[in-house]
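Participant: here's my sequence, what's the structure:
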Amino acid sequence: MLQKISRLFVIKTRWEAFMIIYALALGAVERGSAYLTRFPGWGGKLLFLACTGAVFMAGAKILDCLKFEQAQQASARLADENGSEIDRSSGTKPDLA
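Facilitator: Numbering: from 1, shown residues only. The predicted structure follows:
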């Protein structure tokens with residue numbers, strides 16, 4: 001039961017990743033607009049840019065991790081189909097010497 005609930009918090013597709021990035025962006029713009037009103041001038045603008053820049057970095061990391069996980073699963077499936085032994089932690093064949 002706990003495993004079924006934990007699967008709700010795993011990003012599986014690019015569509016889910018984009019929805020999460022969109023939600024992060026909405027929150028960052030809201031926080032940034034609060035900074036603009038609280039700190040007028042350059043300070044507020046820099047804090048606004050920091051909020052939105054963090055979303056760009058987090059979004060890129062989410063998409064990169066998703067691409068890496070999908071490639072790792074594809075290589076594992078290919079290895080299982082070919083029947084070769086591949087060390088799952090490093091992605092290489094074990095030394096037989």
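
Participant: wait, what's in contact with the spatially most central residue of the chain?
Facilitator: What sits nearest the mean C-alpha location of the chain, by CA atoms, centre = their mean, is Ile62, with 1.5 Å. The contact partners of Ile62, by CB atoms under 8 Å, 6 or more residues apart in numbering, come to Ile11, Ala17, Ile20, Ile21. C-betas here are computed from N, CA, C, even on glycine.

Participant: which among these gets closest to Phe48?
Facilitator: For those, the residue nearest Phe48 by CB to CB is Ile21; the value is 17.9 Å.

Participant: any idea how far that closest one is from Phe39?
Facilitator: 26 Å (CB to CB, to the nearest Å).

Participant: quick one, which of those two is more surrounded?
Facilitator: Remark: of Ile21 and Phe39, Ile21 carries more neighbours, 17 against 14, as counted by other CB atoms under 10 Å.

Participant: so Phe48 makes contact with Gly32?
Facilitator: Yes. Phe48 lies in contact with Gly32 (CB atoms under 8 Å); the separation is 3.6 Å.

Participant: tell me how far the helix or strand bottoming out on mean pLDDT in the chain lies from the chain's centre.
Facilitator: When the helices and strands of the chain are scored by mean pLDDT, DSSP states H and E, helix 2-6 comes last with a mean of 85. In terms of CA atoms, centre = their mean, to the nearest Å, the centre of helix 2-6 is set 20 Å apart from its chain centre.

Participant: could you pull out the buried residues of it?
Facilitator: Within helix 2-6, no residue is scored as buried using 16 or more other CB atoms under 10 Å.

Participant: send me it as CSV with only the CA atoms.
Facilitator: Extracted C-alpha coordinates of helix 2-6, given in CSV (Å, rounded to 0.1, in the frame of the first residue of the first chain):
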residue,chain,number,x,y,z
LEU,A,2,2.8,2.4,0.9
GLN,A,3,4.5,1.6,-2.4
LYS,A,4,1.4,2.6,-4.3
ILE,A,5,1.3,5.9,-2.5
SER,A,6,5.0,6.6,-3.1
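
Participant: which other helices and strands contact the next helix or strand after that helix?
Facilitator: On the C-terminal side of helix 2-6, the closest following helix or strand by DSSP states H and E is helix 14-38. The elements that helix 14-38 packs onto, with contact taken as 3 or more CB pairs under 8 Å, 6 or more residues apart in numbering; DSSP states H and E, are helix 42-82.
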